[in-house]
Structures are given as structure tokens and as C-alpha cells.
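[1] predicted model and sequence below, questions to follow.
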Amino acid sequence: MDITTSLGYYGQIKNIIMPNTTLVSTLDSVWTTFTSALQAFDTAYAQARKWEQTADIEEMDRQRDNALSAFLNALKAMQASPNATKAAAAKTLTFIRDKYTLSPADEYMKETTAISQMIQEIEANAASELSAAGLDDWLADLKQKNEAFLAKMNERTEAQAGQQKGILREMRLRCEAAYRDLLKLINALTIVEIPAGFNYDPILDRLNAEVEHYRQILARKGISTGSTNSGGSYIGDDTGENTGGGTVSPDPGTGGSTGGGSNNGGGETPDPGTSGGDDQN
């Protein structure tokens, strides 16, 4: 699973178990470790998103967009100038401008690159026309704001993005480990029937339903989740049916047990896709 789907999956597992105070009390420190790890994962994810769209970058982008609009409007107006020299110069500049797709709606770096390339061509091939049209100040303002925006993006990338990606991956791995411990304990408790008289069937049914839900999500993305024990989608009897009173099925991201022996109708739930990397979708 990708980062976003993984975070959502663990959140749903938490929401299913949390209302059952008897089970939560029995899980004790394993539950606390899982919920703490999930909170840290969620916080790291939120911070990564925040750094991608910081307030100062958004403001600098707005200023850059305004400068772009001002230059383009001035260029368009100058084409209708009664001064033939200025109109001809504006026509030459427009020919260069039309080579580039310039849209404030474009992704940050796509817009930045297009503006930079246009400015470079004008400065190299039409400096005299720029001066003749009287558009020097507009282009200089656009260039300054575009370069300032790029500098801020590079600053964020160097100082924050790489560091946060590492933190996010670390928090995800910690949450995955806590999740595996949680499911191992739940499966063990169902076998030894602790606490006595506790009916695990309803909560196991809900957990397995959530696994199936996320398996379907991954299937729609074209991601194979493999097969599970007994050739079925759930851990249960030999037909692959969830007969009640069984253990929690493997998570939707792998379909097989990882690191810790076989899954003989019980035991550990597999890793939810650690190898999926840290892509943020």
C-alpha cells in the first residue's frame, strides 16, 4: 500500500477495536504502543504535506502569478500602441511568448521553468525589442519574483523535504511493527480464549471485512494482493471461509505471512506493504 492508503487502513483498524473497552484493556501495552505509533505516523504525514504547501511558498507563488499577468497584459496592450516602433517590438516579443505555455494553474515547477525559459530567450534574442516596447520593468519584476520563488522551493527541498521523508518512513515502519504485534496478540487471545467468555466473532468479522475492503481498493488500482492461507481470502477452514471464531486474516497489502513462521489458521498478520516505499498519493 502507498503511504496514504496505509495510514487510512491502520486508522480503520484502530476505529474498529477502540470502542471495545474489554478488548482494549486486555491488549494493554500492545494497544498503547500501536495507537502511539499510529499517531506519530499521522503527525509525520501531516507535516510532510504541510511542508509541500507552506504558506510562504503559496504567497510567493501568488506574487509571481500577479507579475506574470501584469507582464502579459502590458505586452498585449503594447501591441495596440499607436507608436509603430513599440507595436512592432511587442509583436516580436509576443512571438517568443507564444512558444511557452504560461499558466498560473500549472504545477509549481512547470510554471517556474516555463517562465524562466521565456525570460532567457527574450534577454538573449530580443533585449532591444523589450526596451523599445517599454516593458523592461514588467519583465524584470517577473524575473525577480520567479527566481525568488525557485530559491524558496530549493530551500524547502534541501532543509525539509529530505529530512521529513526519512521521518515519515521511520514512523510508518514503526506503525507497521506495532500493528503486527497487535494482530499477533489478538490472534493468540482468540486461541486461549482470554478473557474468558469474550465473544471475538463480531470484532473478527469487522476486521476481516476491513481487510477485504482494502484488498478491493488495491485491486481497483491494479495491485495484486496475492493469496492467503487455504487458498482463500480469509484464515479459517480449508475452503477459505471465515467460519467465525477464527483469527484475523492477513492484511490487504501482501497476502502472506512475513518473518515469523507459518500461519496455521492463526498467528501473525503480514506486513502491509513495507516495500511499497514512501510515495504520497
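    Arrived safely. On a predicted model such as this, the values are computed, not experimentally measured, just so you know.
[2] residues in contact with Ile12?
    Small correction: residue 12 is Gln, not Ile. 210, 213-214 (C-beta atoms under 8 Å, 6 or more residues apart in numbering). Any C-beta I mention is one placed from the backbone N, CA and C, and that applies to glycine too.
[3] out of the residues you listed, list just those in helices.
    210, 213-214 (DSSP state H).
[4] for stretch 139-156, buried residues please.
    139, 141-143, 145-146, 149-150, 152-153, 156 (16 or more other C-beta atoms under 10 Å).
[5] re earlier: most neighbours among the contacts of Gln12, which one?
    Tyr214 (21 neighbours; other C-beta atoms under 10 Å).
[6] look up how far Ser103 lies from it.
    For Tyr214, the distance to Ser103 equals 37 Å [C-beta to C-beta, to the nearest Å].
[7] just Phe34 next, same as before
    Distance from Phe34 to Ser103, by C-beta to C-beta: 45 Å.
[8] between the two, which one's more packed in?
    Phe34 (25 against 12).
[9] let me see the contact set for that one.
    14, 175, 178-179, 181-182.
[10] that one sits in which helix or strand?
    helix 29-52 (DSSP states H and E).
[11] just the ones of the buried residues of stretch 139-156 in helices?
    139, 141-143, 145-146, 149-150, 152-153, 156.
[12] of those residues, closest to Ser29?
    Arg156 (38.3 Å; C-beta to C-beta).
[13] quick check: Ala178 touching Ala37?
    Yes. With contact defined as C-beta atoms under 8 Å, Ala178 counts as touching Ala37 (4.1 Å).
[14] next, find the distance separating Ala84 from Asp136.
    In terms of C-beta to C-beta, Ala84 sits 19 Å off from Asp136.
[15] the more surrounded of these two?
    Neighbour count, other C-beta under 10 Å: between Ala84 and Asp136, Asp136 has more, with 12 against 8.
[16] ok, now which ones touch that one?
    Asp136 touches Leu130, counting by C-beta under 8 Å, 6+ apart.
[17] low-confidence bits of the stretch 51-200 of the chain, can you list those?
    Confidence mapping of the stretch 51-200 of the chain against pLDDT under 70 gives the ranges 51-55, 156-165.
[18] quick one, helices of it?
    55-78, 84-97, 108-125, 127-133, 136-156, 162-192 (DSSP state H, counting those that start in this stretch).
[19] list the buried residues in the fourth one.
    Spelled out, it's helix 127-133. 129-130, 132-133.
[20] not counting residues beside it along the chain, what's closest to Tyr200?
    Thr190 (4.8 Å; C-beta to C-beta, 6 or more residues apart in numbering).
[21] circling back to that earlier point, nearest to Phe41, of the helices of the stretch 51-200 of the chain?
    Checked against C-beta to C-beta, the stretch from those lying closest is helix 162-192, at 4.3 Å.
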